[in-house]
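K.L.:
Give me coordinates for this.
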Amino acid sequence: MLKPVYALVGSDPFLQLQKLREIAALLPPDAQKIDYDGETVQLAEILDELQSFAMFGGGTKLVTVREADALITRYREQLEDYVNKPSSSATLVLRLSSLPSTQRIAKAIAKVGAIESCAPPKDLVRWAINHAKHAHKITLMPDAAKVLVDYVGADLGRLDTELAKLAIQCDAGKISLDTVCANVAFTREREMWDLTNALAAGNVGEALSRWRQLLHSDPSTEFRAVTWLGIWLGDIATIVNTGPRSSASQKLRWKYKDSFDRFVRNAESLGKEGYAAALDLLTEIDKQSKSGVGDAAENVERFILAIAPQAAAAR
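P.N.:
Here you go, the predicted structure:
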């Protein structure tokens, strides 16, 4: 049953939009829909819209306010008054990052409407498996889900997009690890692989150039670089400790694809000593970045400048 007021609370825009579509589905197809920015709109404009008659959609309106935290901050008491006596011909949806349950407006919304949680799930792998099943009618195998989540991260919108693509590619409605590895384009990760290959080859200039390009295209890269470099070093360790022909090493072919042979040569050129030195330095810069010693991006650059010459000397 449609409520007069909804609060969609949480930091994930994909979940908020998903809930918004569910609410919209309860309205007539031609219902009037109005969207406002809570940081700039005046409350009087919203109230006029909520209380005026809709020409179409059976006289029903859906009024949505993005960034509604700012609206509540500016007009808390007036919004509380409206929620206590909402319009019978319009639905108000507030998209919020937070709404403490102790606030009067939260209690008022809960009384006449609904508060929907849109916080990111704690278990992304389970979410991906369930979403694949219910939204895309496919079975996502647990190992495939883990790899997909590892590379995409907590971006539910992108996870949904990749699952939609995989649904077209899969056979018999089942997504395997091989299907994910063969079809998902991990753009940032592939760029990082190019960087680490240049790093292992001892090419300082190319490694630095690729690192700076990554930073320019995505500033958040500096916070994920240690994770990526750690994964790369784990792959290096597999090659140098078990040999390139081992079953463990051969499982890396899906990741490096046509660059696998070059990756093996680069790993062997770095060797066990180079790997150990790289791991020690990566551990150090990770600790420094987390404790606020130096800039995270500069720490990664220092890692590149220290490791690439070692790899070059080993060749």
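K.L.:
Quick check: buried residues in stretch 66-74?
P.N.:
66, 67, 68, 69, 70, 71, 72 (16 or more other Cβ atoms under 10 Å). Heads up, the C-betas are built off the backbone N, CA and C, glycines and all.
K.L.:
repeat for stretch 140-155
P.N.:
140, 141, 144, 145, 146, 147, 148, 149, 151, 152, 155.
K.L.:
about what we covered before: with distance to residue 205, secondary structure and pLDDT as extra columns, can I get the buried residues of stretch 66-74 in a markdown table?
P.N.:
Formatted as a markdown table, the buried residues of stretch 66-74 follow (distance: Cβ to Cβ, whole Å; DSSP: H, G, I helix; E, B strand; the rest coil; pLDDT from 0 to 100):
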| residue | distance to residue 205 | secondary structure | pLDDT |
| --- | --- | --- | --- |
| 66 | 45 | strand | 94 |
| 67 | 44 | coil | 92 |
| 68 | 49 | helix | 95 |
| 69 | 46 | helix | 95 |
| 70 | 46 | helix | 94 |
| 71 | 51 | helix | 95 |
| 72 | 52 | helix | 96 |
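K.L.:
thought residue 176 was touching residue 139?
P.N.:
No - with contact defined as Cβ atoms under 8 Å, residue 176 does not count as touching residue 139 (9.5 Å).
K.L.:
before we move on, the earlier item: most widely separated two among the buried residues of stretch 140-155?
P.N.:
Greatest spacing in those, by Cβ to Cβ: 141 and 155 (20.7 Å).
K.L.:
In terms of pLDDT, where does the residue nearest to residue 228 when sequence neighbours are not counted sit?
P.N.:
Of all residues not flanking residue 228 in the chain, residue 192 sits nearest, at 4.6 Å (Cβ to Cβ, 6 or more residues apart in numbering). Per-residue pLDDT puts residue 192 at 76.
K.L.:
how about the helices in the stretch 1-150 of the chain?
P.N.:
Using DSSP state H, counting those that start in this stretch, the helices of the stretch 1-150 of the chain run over 13-24, 43-51, 68-84, 104-112, 124-136, 142-152.
K.L.:
Could you tell me which ranges of the stretch 151-300 of the chain sit under the pLDDT cut-off?
P.N.:
184-190, 200, 217-218, 220, 255-257, 294 (pLDDT under 70).
K.L.:
80 instead, please
P.N.:
Along the stretch 151-300 of the chain, segments meeting pLDDT under 80 span 151-154, 169-172, 178, 181-194, 196-202, 216-224, 227-228, 254-259, 289-294, 296.
K.L.:
on that earlier part again, in CSV: the buried residues of stretch 66-74, plus distance to residue 291.
P.N.:
Below are the buried residues of stretch 66-74 laid out as CSV (distance: Cβ to Cβ, whole Å):
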residue, distance to residue 291
66, 37
67, 34
68, 37
69, 32
70, 34
71, 39
72, 37
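K.L.:
Among those residues, which one lies nearest to residue 224?
P.N.:
Proximity of the buried residues of stretch 66-74 to residue 224 (Cβ to Cβ) peaks at residue 67, which lies at 26.4 Å.
K.L.:
Double-check the closest one against residue 39; I have them as touching.
P.N.:
Yes - judged on Cβ under 8 Å, residue 67 makes contact with residue 39 at a distance of 4.9 Å.
K.L.:
what about the helices in the stretch 201-315 of the chain?
P.N.:
According to DSSP H, counting those that start in this stretch, the helices that the stretch 201-315 of the chain contains are 204-217, 221-242, 247-250, 253-256, 260-290, 296-314.
K.L.:
closest to residue 168 out of the ones you listed?
P.N.:
Closest to residue 168 of those, according to Cβ to Cβ: helix 253-256, at 19.9 Å.
K.L.:
Please name the residues that touch residue 63.
P.N.:
Residues counted as contacts of residue 63 (Cβ atoms under 8 Å, 6 or more residues apart in numbering) are 34, 36, 46, 49, 50, 90, 91, 92, 93.
K.L.:
ugh, wrong one, residue 118
P.N.:
So residue 118 contacts 8, 9, 10, 11, 12, 15, 16, 19 (Cβ under 8 Å, 6+ apart).
K.L.:
How about the first one, nearest residue that isn't a chain neighbour?
P.N.:
Right, residue 8. Of all residues beyond its chain neighbours, the one nearest residue 8 is residue 16 (4.6 Å), with distances taken as Cβ to Cβ, 6+ apart.
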